[in-house]
Every structure is written in structure tokens, then in C-alpha cells.
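Chemist: This is a predicted model, with the sequence first.
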Amino acid sequence: MLAWTIYISFLGALVLVLIPKANAGAARVVALLTAIAGFAIAVAGACRYTPGALITVVRVAWIPSLGIEYHLAADGISLTLLLLTGVVAIAGVLFSWNVERRSAEFFELYLVLIGAVYGVFLSFDLFLLFVFYELAIIPKYFLIAIWGSTRREYAAMKLALYSFAGSAMVLIGVIAAFVEAGGRTMNLVELARYPFPAHFQMWAFPLVFVGFAILAGLWPFHTWAPTGHVAAPTAASMLLAGVVMKLGAYGCLRVAMMLFPRGLDPWGLHVLGFGSWRDLFAVLALTGIVYGASVALVQRDFKFVIGYSSVSHMGFVLLGLMTLSQIGVSGAVLQMFSHGVIAGLLFAVAGRMVYDRTHTRDLRELGPMRLAKVIPFAAVTFVIAAMASVGLPGFSGFVAEFEILVGAWRAFPTLAILAGVGILIGIAFAWRAMDKVFFGDAPVAAARLDCPRISLAERLGAAILIGATLAVGVYPRLLLDLIIPALNSPLFDGLRKGAWR
Amino acid sequence: MSAVSYLDLLRLTLPEIVIVLGALAALSLDLLAMRQSRLAVRWRAGAAVACISCVGAIVLLLVRPEQASLSDGMLVVTPLTQLVQAVLIVFTILTVLLSVCSTFTHHVGEYLAVILFATAAMMLLVSTQNLLMVFAALELLSLSLYILTAFNKRSRQSAEAALKYFLFGGMSAAFLLFGISLLYGFSGSINLVEIAAAIQAQPATPMLAIAMVMTVTGFGFKVAAAPFHLWAPDAYQGAPTPSAAFIASSSKVSSFFVFAVVMVTGLAAGVGSGGWHGHGAGWVPVLTMVAALSMLLGNLAALVQSSVRRLLAYSAIGHAGYMLLGILPHNAPSLRALLYYVITYALAAIGAFGVLAALEDEGVDRLEDFAGLYRRAPLLSCCMLIFLLSLAGIPPLAGFFAKFSIFSSALAVRSEDPGLLWLVVLAIAMSAVSLYYYLKVLKQIYVCEPSAEVGAIRSRGAARAAVGVIALLVVLLGCFPNLLLGWIDGAMRAMPH
């Protein structure tokens, strides 16, 4: 049944192709219904799931001569991310309720992107996973290039080329692994069991890991993220930060780490103080955390602040993966969910609630507008989102970042301290943005801003996202019960036998 | 040498005969009966005759699987050659549909006849293992293509392109002939199987090396691989669009097939090694260099083109590089991958040129002319999106699986040492580069708005239908690669090895 998350998204896109172009209202409704249906299916799947199992959804031969199958399956990690995709997809439609220009096409591309994302999370055939992964690139390009704002064509092309370069690296690794394992199967379960030679894993792991991590915003390959997020229309930024970056992180865990666990082993020599790929990537992730937060602290563009904060938060995901401990990796998966929801909320405030009304994102111009009085709902939402973003207890970010820090403390104590500093800087930039945008004490320059009120759609979207982050923050076992058994399943045997602790 | 059975010859060449008869019928119908009719009527009647003969030939090919070799490998018919021939005829039908009712010429009968003659030449080209026959068929094909390039007599560009094509082609034919004569001198035979045996018995000599280089040069020209590519951009740009579509598609398929046959069957013993370490003398290192150069030059030069036709020409050079990657491993899986690649590539290429052909009356060629095309011609724009993304190798379109299979077959040889890994890495890196220029065209179509207010484009119905069918095929073969792959597999299993 879970397979219908994919099909229904593509069907929704097809319906949008067929309905008359001029009818923007119908397009929105179709998109919303499709997104809700996808989410409902994901929830139903999660409810019926017995923790630890790997449920096969579909498995039929696709290209028999190469042993490639159309194989959809799900474990706890997939389900967590399916739920995230569902939540963000619904909120994204609600926050694009005001798209009037070429709206049917907008939602077509939007639904194709959603369908491809569902596909990646459900694929258990490496070839199929790659197909869905690349399928997601093109809609992203057009969503930004057509409906975007600041330097949209540049940002869209940059995003597309970064993604494609990353997936080219992944493709090399995928083909090499396929050939190395005998060229008979692409099944992830079987490939995870296949003992790839250690020297092969040593070069395949960093190649595939970096290939995916480009999309997860690994420093120094993160530069597509801020420009892309800023240029994208609100719903696309929400999807980009909310789920597309998770595709990269998911690929790092599901493909790079699951198939080539010995690539994380020590090299046996030290180069510039690094003893393994794991050390190197952990330091890069940490650099991302601190750098992203510091740059966010000095931005003048509201969306750039949030764009760089995404780089910082995704650094936590990658750092968590590199701890190679149950608590750290499960924290990383939880952080994927948490950041997806919170980043969605932040972009919704910055892009939809503020920018669409004021037509500026410059912090100095927003200050005198007294937005806290004009659109109090936006101010409240942003305060909640900022609290979640800095990781206050009660929100999902707290649990996730706490777990990651504990894992990191055991693995790399120095890095854990520095990551703590990153969190402090994170509090500073969230505070600064909140202060400047909503509670500026500068004298009122213009007359009272005359802007439309916050619509019902926006209220609903914000409520959904806040509800999700609170639910997971208050009761994290909701997701951890899915994630931890999945990490203990035989799929990750190779990883647990290695440097796992 | 056994006596030729003329009855067998007649039976085996029946499809070719049908095509040639179709050509003569189209020619005489147009010249004798329809002199006074309107151009559109003449086009429709001629195209109907041509299509009927093509369909007849396909039916003949598909209903009677043959397995025969006549007079010293002059004519070799196997299920695989029949498959390739059928594919070639399909491309001919598509080309004819794309040309119907176009206005670049009044010589409808001659145009259709030359296309059909070229088809017959290609059919002979793929069904032979005899170098003399290869050369004769190749010349017949080339001459037809020169004429097709020059067919727009009102355009200087067309004449110039044809002259360039002709001069380069003549020179490369000389190279090829020289290579063939050296091979003959070396082995005393023009039959590929006997040449292979002679090379096996008496390995590498300087003469053989020269013969190989000459042969690669000759075929390299036909498939437009760098550094023998210079004719391609001009020919693609100057030729009437349907002719360019024909050159870019079926001529590619037949040339690559015969190239692979000559290299894999005839020169199998002289392969050498093209790995990063330890080059061994043979044709593989030569071809490796040609492939690497084609990928680099084709893709990098395409980045700066402002004419869409030239852009497609340079991308074709890049694709020729990838396809050479399918000849290098010289084994059955790689031949299968090569066939899949070249057929799906040709589909996407004829489709892209088909879109240009449908827009020809608007004079659309420069990148800026495409601005806002999605509004003026939504269907054609959507098809162009499919073709260009397939060329870029985006799943789930046919081009992606083609790339995947050709790269994995190249990596699969001798998996202990990296072998061709460096070339595969280069190919994948270059295909990432190629996305940029394909997206540049798509950006014009979907993102940019037209500079002035321009109305919807009225394109010819037959061309629109042909383009639509091709787009469907590209999507279908991408989602279900097994449709074609299974067919190729079946044909290859039926061949004696």
C-alpha cells in the first residue's frame, strides 16, 4: 500500500496536466488532496508497522538481464522520512495557496518532486533509488527558475548542476558496486550482505558519501543551498530544505554507509591529523555547523539567515552519522525529521508570511515595519520556530541535537564541544533575526503597513508543522521506536561490526 | 568460393529490393503522374508510396528470421542484422513523416528516392562481413547523404555544408580504402573472419598498426568522433532539417553497427589495452583516445553554442564518445549496450531535429528564438523537454538506461584491474557537464518569456504526429528498457558464436 504514496503523487500531477490551465483554484485543491492522501498512506503504513521489520511493498523483475528489480520496501528509517515528506508536502501546498502565475504547472512539478522523493525513500533496489533520486533534479530546477525571486536562473542552474555532479559521483560508485558484486543484482539487502573488498570500499565510500552529501549541504559543497533556498518560491524552499536535503543525508546512510561500512575504518596512517574518512567528514560536518551559524549571524537577507541555518542544522545530521553509535545515528535520523519540519516553518514565515506581504527581505527595512503588530501571527510562529530551531526542550530539535551531541561526545569529545559552540551561535542568529524582523525598536519610518491578513491556509500550514515538531519533541519515542530497531536490523550488520560503539 | 545461388540472393535481399522499388515508384510517380499537382499533394502521395514500401520491408524482415551467409561473407543475414535493418527502416519512415509538406524543395520525388536509396545502402552495410561490400555500401550511403545535405538549393549554407561534408567524406573514404587495402595485403582476404584468423596467426606488425589507424580514421569520420568531426556542425546546421535528422539518427545507427562489427569480428586479435597503466599496441588504445577526445571536445564545445543545431551537433560528437565506450570492451554485453544506446540516442536525436523541422517555417534556430516556446507550441515544447533530458541521461527516459548499461558493460571487463574506469569516470563527468547546455535550451523554452508578442505556431500535422510518437517511444523505452533489450538479446542468442 505504501507504494501508493508515489503513484498518487504522479497521478495528481497527471490530473493537473489534464484540467484546464486557467483554473488555479482546482489545481490547488487537487494538489492539496494529493498531498493529504500521500500523508495518510504514510501514516497508515507507519501504524501497521512492526518495529524492526523490513516490509516489502512491491517486488517484480524490471530488467531481468541485469538483475534489476522494481523493488519497493520500507523499514523504520524510510517510514520516518515518508512521514516527514507527507507533513512538509501538505504544508507546502497550503503555503503556496497564493501562487497565481502558471499555477497548474507549479503544482505539477511540485507533485512530481514529491513523488520522486517518496520513491527514493521507498526504493530498495539501488538502480531504482538512483532513478528516483535523479528524477527529483529537474522539477527543482524549473520550480526555482520559473517561480523564484532573487537571481532565480543562476540559483536554479547552480542547484541543478551541483545535484547532477553529486549524482554523477554516486553513479560511478553505484556502477562500480554493481560490477564488483558480479553484475547480477542491485538489491540493497543483498548488496549490504556482499563483502566488498576493503580497498574497494575505501574509495567507493568517500565517492558515494560526498556525492550524496553535496545534496545534504556538506561544507564546502553547501554553496548551492543558500542561493537555492533564497531564490526558490516558498513551497520549493520548504521542500528543498525540508525533504530534498534529506535525500542526500538518507543516501549517505542508506547507500554509502550501509553498503561500504569498511570505508569508515582507519586508513592506518595519519594525513594532516585525519586517520580515516570518518574523521575527515566529521570535521567537515562540524565546520558546516559552526560556519553556517556564523554566516547566518551576519546576513542582511532574511531568507539567507534561514538558508545558512539549514547548512548548520544539516551539519548536525552528518556529524550524527559519523559518530557511528546507535544514539548518534538515531539522533541524526531524528534530526532529519526535525530539521525538515522546522526549516519548513522558518521558510514559510520568511517567504510566505513576510516577503509576500512586504516584498522585501532586508532586515534593516523590515525592522521599522513593526511586523509584530501588523502580522502578530507571523511573529508568534517565528518565535516558536526559532525556539524549536535553537533546540529548546519540548521541541523535536532538542531531542535530536542532544542525542547527536551525546554520540559525538563519546566519539570525538573536542568536536562535541565545538558543536556546542555552534548551538550557541545558533541561538544568537535566531535571536537577531527575530529581533530585527519583528521587534525592531527603530522609529516607524513608513506609515502603518497595509497588508492582507494571514489567511486560513497559512494558519493551518503553520499549525501542522508546529504540531509535528511539538509531538516529536514531547514524545520522541513516536519516531525513535521506528528508527532504533531499524538501525539494529541485519541491514546495518556491516556497520555495527566495524567501528560501531 | 562456392557458386552463388541467385535464388538465395534474391530471397535474402528481398527487403532491400522492396525499398529500392519503393524509391523508383516514388520517383516515377512524382515525375510522370503528378507533375501538375500541388506540392502538398505530391508530398503526400510520395510519402505514402515510400512508407508503404518501408512497411513492406519491415514485415518481410520480421516474419522470416533468416540465418545465412552468401558468397564469402558478402551478404550475412542474421536475426541481429535483421533487427538493425528493421530499426533503420523505422527511422526512414519517421524521416519521411518529418519531411512531408516541407517547403525547402520542389523535387519531392527525388528527395524521397534518395532517402530510400540511402536506406537500402544502410541495410546492405549492416548485413555484410566483407570489407569490399562495406566500402561500396558506405560510399552509396555517403553519396546519398551529400545530396540530402545539399537539397535546399536556395540556401548558401546548405551548399556549403554539403561541399564540406563531401570533401571530408571523400578524404576519409580514401583513408578507409587505404586501411582496407593494407588489411588485404596483410591477410590476403577481404572477409572479416579470415582477416581475424590471419591476425591471430601472426600478431602485431607495423603494417597492421597502420591499417588499424586508417580504419579507425575512416569510421571515425562516419560516426563524427573527434578529431574527425569537423563536418558535423556545418552539416547539421546547413542541411535541410529532415536531412539533418536522418544523418543524426539512422546514419549513426548503421555506422556504429558496422564499426563494431569490423572491429570486434575482423580485428578481434589486435585489441591491445587501453587501461590507464600499461597501454598495449592495438586498436583499443587508439579508440580510447578518440573516445576521450570526443567526449571532451563535444561536450565542452557545445557549452558555448548559440545555434541549437550546432549545439545538437556537438552533443552528437560527445555522444559518439560514449558510444565508442561500447565498442572498446568488444564482448557480447557491450555490443548489446551499444545497440541499445545508439538506437535510443538516434530516437532522441531524430526527435529533437523533428521538433526543429516542425518549427522550420518559423525559422527557429538560435537559442533566443526558443524563448517562451511553451506558450506558442506546448506539445512540441513538451516533446523537446523529453528528448533533451533523454540526451542528458535523466531517468526515467531511455537515455539514462542506455548510459547505465554502456558504462557498466565497460567497467565489467576484467574487474580486477581498473581498466577502463578512468574513461567511464570521464564519461560520467562529461554527462554532468552536458546537463548545462541542455538546460540552457529548456530554460529558453520554459522559463524565458518571448521578447515580442507572438502568436501560436502552426506546425505541420505529420511532423507533429511523428514527434509525438518518438517522444512516447523514448519514455516507453526508458520505463521498460526490456522491450528493446529483450529483443536484442533474443536476436543475439540466435546468432552462432
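Modeler: It's in. Residues are numbered from 1 along each chain as shown, chains lettered A, B, ... in the order given.
Chemist: Near residue A:392, how many other residues are there?
Modeler: 14 (other C-beta atoms under 10 Å in any protein chain shown). Yep, even glycine has a C-beta here, placed from its N, CA and C like the rest.
Chemist: Now for the closest residue to it other than its chain neighbours: which residues touch it?
Modeler: Distances taken as C-beta to C-beta, 6 or more residues apart in numbering or on different chains put residue A:398 closest to residue A:392, at 6.1 Å, once the chain neighbours are dropped. By C-beta atoms under 8 Å, 6 or more residues apart in numbering or on different chains, the residues touching residue A:398 are A:391-392, A:473.
Chemist: any idea how far stretch B:73-83 is from the chain center?
Modeler: Centroid separation between stretch B:73-83 and its chain, computed with C-alpha atoms, centre = their mean, to the nearest Å, is 18 Å.
Chemist: Mind picking out the helix or strand in the chain with the poorest mean pLDDT?
Modeler: With no chain named, the answer covers chain A. Among the helical and strand segments of chain A, the one scoring lowest on mean pLDDT, DSSP states H and E is helix A:371-374, with a mean of 76.
Chemist: I was thinking of chain B, sorry if that wasn't clear
Modeler: strand B:68-70 (a mean of 81).
Chemist: In terms of secondary structure, what does it contact?
Modeler: Using 3 or more C-beta pairs under 8 Å, 6 or more residues apart in numbering or on different chains; DSSP states H and E as the contact definition, the elements that strand B:68-70 packs against are helix B:6-12, strand B:75-77.
Chemist: export the first one as CSV, just CAs?
Modeler: Yep, that's helix B:6-12 we're talking about. Provided in CSV are the C-alpha atoms of helix B:6-12 (Å, rounded to 0.1, in the frame of the first residue of the first chain):
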residue,chain,number,x,y,z
TYR,B,6,20.8,-16.4,-57.3
LEU,B,7,17.6,-17.6,-55.8
ASP,B,8,19.0,-17.3,-52.3
LEU,B,9,20.4,-13.9,-53.1
LEU,B,10,17.0,-12.8,-54.3
ARG,B,11,15.3,-14.2,-51.2
LEU,B,12,17.8,-12.6,-48.8
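Chemist: Would you mind identifying the next helix or strand past that helix?
Modeler: Counting by DSSP states H and E, the next helix or strand C-terminal to helix B:6-12 is helix B:14-28.
Chemist: Buried residues in that following helix, which are they?
Modeler: Buried residues in helix B:14-28, counting neighbours by 16 or more other C-beta atoms under 10 Å in any protein chain shown, are found at B:14-16, B:18-23, B:25-27.
Chemist: Please apply the same query to stretch A:398-414.
Modeler: A:398-409, A:411-412.
Chemist: With stretch A:173-185 instead?
Modeler: Of the residues in stretch A:173-185, A:173-181, A:183, A:185 count as buried by neighbour count, 16+ other C-beta under 10 Å.
Chemist: quick revisit: what residues sit buried inside the least confident helix or strand of chain B?
Modeler: For strand B:68-70, the neighbour count (16+ other C-beta under 10 Å) marks B:69-70 as buried.
Chemist: tell me the most buried of the helices and strands packed on strand B:68-70?
Modeler: Of all the helices and strands packed on strand B:68-70, strand B:75-77 has the most neighbours on average by mean count of other C-beta atoms under 10 Å in any protein chain shown, namely a mean of 23.
Chemist: Can you give the strand pairings for it, parallel or anti for each?
Modeler: Strand B:75-77 has the following sheet partners, assigned by DSSP bridges: strand B:68-70 (antiparallel).
Chemist: who touches the strand it pairs with?
Modeler: So strand B:68-70 is contacted by B:4-5, B:8-9, B:12, B:75-77, B:129 (C-beta under 8 Å, 6+ apart).
Chemist: okay, those residues in TSV with distance to residue A:60 next?
Modeler: Conversion of the contacts of strand B:68-70 to TSV gives the following (distance: C-beta to C-beta, whole Å):
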residue	distance to residue A:60
B:4	51
B:5	48
B:8	45
B:9	46
B:12	40
B:75	42
B:76	38
B:77	36
B:129	40
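Chemist: buried stuff in stretch A:275-291?
Modeler: Buried residues in stretch A:275-291 (16+ other C-beta under 10 Å): A:276-291.
Chemist: Nearest to chain B among those?
Modeler: Lowest distance from chain B to those (C-beta to the nearest C-beta) belongs to residue A:277, with 19.0 Å.
Chemist: which ones are touching that closest one?
Modeler: Contacts of residue A:277 by C-beta under 8 Å, 6+ apart are A:202, A:205-206, A:209, A:263-264, A:267.
Chemist: Which elements pack onto the top helix by length along chain A?
Modeler: As assigned by DSSP state H, the longest helix anywhere in chain A is helix A:152-180. Contact here means 3+ C-beta pairs under 8 Å, 6+ apart; on that basis helix A:152-180 packs against helix A:126-135, helix A:137-147, helix A:198-215, helix A:224-231, helix B:398-412, helix B:421-442.
Chemist: which residues touch the fourth one?
Modeler: The set of residues external to helix A:224-231 that reach it, using C-beta under 8 Å, 6+ apart, is A:144, A:148-152, A:154-156, A:158-159, A:162-163, A:214, A:217, A:237, A:240-241, A:245, A:301, A:303-304, A:306-308, A:310-311, A:314, A:347.
Chemist: picking up where we left off before, quick one: list the elements packing against the least confident helix or strand of chain A.
Modeler: Judged by 3+ C-beta pairs under 8 Å, 6+ apart, the packing partners of helix A:371-374 are helix A:376-390, helix A:413-438.
Chemist: Could you give the average pLDDT over the first one?
Modeler: Okay, so that is helix A:376-390. Helix A:376-390 carries an average pLDDT of 87.
Chemist: Need the nearest residue in space to residue A:255, chain neighbours excluded.
Modeler: What sits nearest to residue A:255 in space, not counting adjacent residues and going by C-beta to C-beta, 6+ apart, is residue A:208, at 5.8 Å.
Chemist: and that neighbour, what pLDDT?
Modeler: 93.
Chemist: Now name the helix or strand holding the closest residue to chain A within the stretch 151-300 of chain B.
Modeler: Residue nearest to chain A within the stretch 151-300 of chain B (C-beta to the nearest C-beta): residue B:299, separated by 12.6 Å. Take DSSP H and E as the rule and residue B:299 turns out to sit in helix B:283-302.
Chemist: next helix or strand past that helix?
Modeler: In N-to-C order, the element after helix B:283-302 by DSSP H and E is helix B:308-327.
Chemist: ok and that next one relative to helix B:398-412, angle-wise?
Modeler: Counting by axes from the mean of the first three to the mean of the last three C-alpha atoms, to 10 degrees, helix B:308-327 lies at 30 degrees to helix B:398-412.
Chemist: mean confidence for helix B:308-327?
Modeler: 92.
Chemist: Kindly report the same for stretch B:133-151.
Modeler: Mean predicted lDDT for stretch B:133-151 stands at 93.
Chemist: re earlier: now intersect the buried residues of stretch A:275-291 with the strands, please.
Modeler: Nothing among the buried residues of stretch A:275-291 maps onto strands, per DSSP state E.
Chemist: Around chain A, pick out the residues from the stretch 251-400 of chain B.
Modeler: Residues of the stretch 251-400 of chain B found near chain A (C-beta under 8 Å from any C-beta of the partner chain) are B:389, B:394-396, B:400.
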